[in-house]
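Asker: No sequence on hand, only this structure:
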């Protein structure tokens, strides 16, 4: 571990899929306590960047670091074990397992964990996320918004140092979207670090302390929301203005 | 209060133990073979039902275990149980190696890969007749020098109980949870911290070792071992037993093995037509009862507490669950 190192850092990350450059030499650093909104048009490389920073994809060049430790080439489970939690653009739950079992899986991967303690912690998070009454239901039977909340809860069971949320508001009823926003804000206040990827500018602007904008695989802006919103390059690339 | 399933299993165990010396030779043989298939179906359920690794090479591991033990006993003169232990170790290592090779495969690719591997082994065993006696069959050392099959009957039962206890322990432990998580979504399992590579290899190694044990027992019971033990026909039978019972429930798979083996004997006079019947049953089960015929029954037994009512309150209706 390097002193003063960023919590998560990507250095000159590149990823190609065939002839398409999905992520092009992107520098991206997240400090402890950040709440970053990662935005950009479709196909701008946001999810690929998240995949590179969580071990779900290996970069073609460049490196991912976690508190100064090089993580490139390690499997996603090692990233998770080191405190990198994530959710997916299209919700990926263990559909035929119960809500409680979904929560137990990450909890029980932690060394020294006991079933009783993990179950208690899972129920605490389920209560926090308003899902406690559904714990014996199969995950596939939850509504879309509840599935997003469960995925967030499952990531929280890792007690992660950082959480990457990939489109947490997509296809979610406004009422549940507000609930997700409230939970993110509460968790952030409690000291969690977030990177939230979404198209929903209104929601992102409600929570983000810092905005990072991507377009065509490149990072085109990075700064406080007010400054980024006024950036002409961003307006051109993102909103087509 | 315990679930009714505990009492049903205990009653069945007592019945099997008590009826041993009352069975005639034929029924006892059928029971021993049924217990062999029960071990195969249970371990295949662990691999395919729980871990989602649809291997068609499971009978090949039984064959490998059988030949390993038989040849080791024949060549080195070690006691049969030592040969059987060696078979377990070798099939566990072989299973782990196949698991590692198949890491990136799933579904039909994995099925075809393991089927090809199984055929390679079967043809290899047939061809190397100087070592394996090929299709003429390898004469094996019996596990017991007894006129009656009774010691085999009790040994098969003890092995089945021990195997089921171990497999039951696995599926109810965190390993079982991780196996199911991998089956449901590998990427999400990895994001949850599950070491997918390690657990896929473990699932293959564990399931293969039980197949190896069953195969080794079979070799020393039946007395003559042919490569057809690893044939696709017998693999198909294990698949049918497991799916008809219930792919994602080890007790249901065991019930399926017992039921199909019994049915095979009852319908013996129909020769090949009984296989057609199994095919039809399999199709009907896959179309109308994807959890198998026995898994829902087993689930009910688990839910019913003796002296109480089913725990219906545990299931929240879907409509009520939505906000």
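Answerer: Okay, I see it. Everything numeric in this text was worked out from a predicted model, so none of it was measured. Numbering: from 1, shown residues only, chains lettered A, B, ... in the order given.

Asker: How far does whatever helix or strand residue B:206 lives in sit from its chain's centre?
Answerer: Residue B:206 belongs to helix B:196-222 when elements are defined using DSSP states H and E. The offset between the C-alpha centroid of helix B:196-222 and the centroid of the whole chain comes to 9 Å, using C-alpha atoms, centre = their mean, to the nearest Å.

Asker: Report the mean per-residue pLDDT for that helix.
Answerer: In this model, helix B:196-222 has a mean pLDDT of 96.

Asker: does that helix come close to chain A?
Answerer: Yes - counting by C-beta under 8 Å from any C-beta of the partner chain, chain A is contacted by helix B:196-222 at B:196, B:197. Placement of C-beta: from N, CA and C, glycine included.

Asker: List the buried residues of the biggest helix by length in chain A.
Answerer: Of all the segments assigned as helix in chain A under DSSP state H, the longest by residue count is helix A:174-189. Residues of helix A:174-189 classed as buried: A:176, A:177, A:179, A:180, A:181, A:183, A:184, A:187, A:188 (neighbour count, 16 or more other C-beta atoms under 10 Å in any protein chain shown).

Asker: Now do the contacts for the fourth one.
Answerer: In other words, residue A:180. Taking C-beta atoms under 8 Å, 6 or more residues apart in numbering or on different chains as the criterion, residue A:180 is in contact with A:145, A:148, A:149, A:152, A:168, A:169, A:172.

Asker: just the first one next, same as before
Answerer: Contacts of residue A:176 were listed using C-beta under 8 Å, 6+ apart, and they are A:143, A:145, A:146, A:148, A:149, B:323.

Asker: Repeat the analysis, applying 10 Å as the threshold.
Answerer: Contact analysis of residue A:176 by C-beta atoms under 10 Å, 6 or more residues apart in numbering or on different chains lists A:130, A:143, A:144, A:145, A:146, A:148, A:149, A:169, B:323.

Asker: so can I have TSV of those showing neighbour count and distance to residue B:48?
Answerer: Converted to TSV, those look like this (neighbours: other C-beta atoms under 10 Å in any protein chain shown; distance: C-beta to C-beta, whole Å):
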residue	neighbour count	distance to residue B:48
A:130	14	36
A:143	16	31
A:144	14	30
A:145	22	34
A:146	24	30
A:148	27	31
A:149	29	32
A:169	21	38
B:323	12	36
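
Asker: And the pLDDT at residue 79?
Answerer: Just going to use chain A. Per-residue confidence (pLDDT) for residue A:79: 95.

Asker: The chain in question should be chain B.
Answerer: If you check residue B:79, the pLDDT there is 95.

Asker: before we move on, what about residue A:158?
Answerer: pLDDT, read off for residue A:158, is 94.

Asker: Tell me who's in contact with it.
Answerer: Contact criterion C-beta under 10 Å, 6+ apart gives A:79-86, A:105-107, A:109-110, B:191-193 as the residues in contact with residue A:158.

Asker: which SS class is it?
Answerer: When the structure is split into helix, strand and coil by DSSP: H, G, I helix; E, B strand; the rest coil, residue A:158 lands in coil.

Asker: avg pLDDT for stretch B:65-75?
Answerer: Here the mean pLDDT over stretch B:65-75 is 96, rounded to a whole number.

Asker: Does residue A:217 touch residue A:25 like I think?
Answerer: Yes - under the criterion of C-beta atoms under 10 Å, residue A:217 is in contact with residue A:25, at a separation of 8.6 Å.

Asker: Quick check: neighbours shared by these two?
Answerer: Residues within reach of residue A:217 and of residue A:25 at once, by C-beta under 10 Å, 6+ apart, are A:13, A:14.

Asker: circling back: which strands or helices does the helix holding residue B:206 pack on?
Answerer: When contacts are defined as 3 or more C-beta pairs under 10 Å, 6 or more residues apart in numbering or on different chains; DSSP states H and E, helix B:196-222 sits against helix A:76-81, helix B:25-44, helix B:58-76, helix B:80-101, helix B:150-172, helix B:174-184, helix B:186-191, strand B:224-225.

Asker: what separates the fifth one from the chain centre, distance-wise?
Answerer: From the chain centre to the centre of helix B:150-172 is a distance of 11 Å (C-alpha atoms, centre = their mean).

Asker: Over to the last one?
Answerer: On the basis of C-alpha atoms, centre = their mean, strand B:224-225 sits 20 Å off its chain's mean C-alpha point.

Asker: ok, now the first one?
Answerer: In terms of C-alpha atoms, centre = their mean, the gap separating the centre of helix A:76-81 from the centre of its chain is 14 Å.

Asker: and it, what other elements does it pack with?
Answerer: Packing partners of helix A:76-81 (3+ C-beta pairs under 10 Å, 6+ apart): strand A:61-66, strand A:84-86, helix A:99-109, helix B:186-191, helix B:196-222.

Asker: And the helices in chain A, which stretches?
Answerer: Taking DSSP H as the criterion, chain A contains helices spanning A:46-53, A:76-81, A:99-109, A:115-128, A:144-156, A:174-189, A:201-207, A:225-229, A:232-234.
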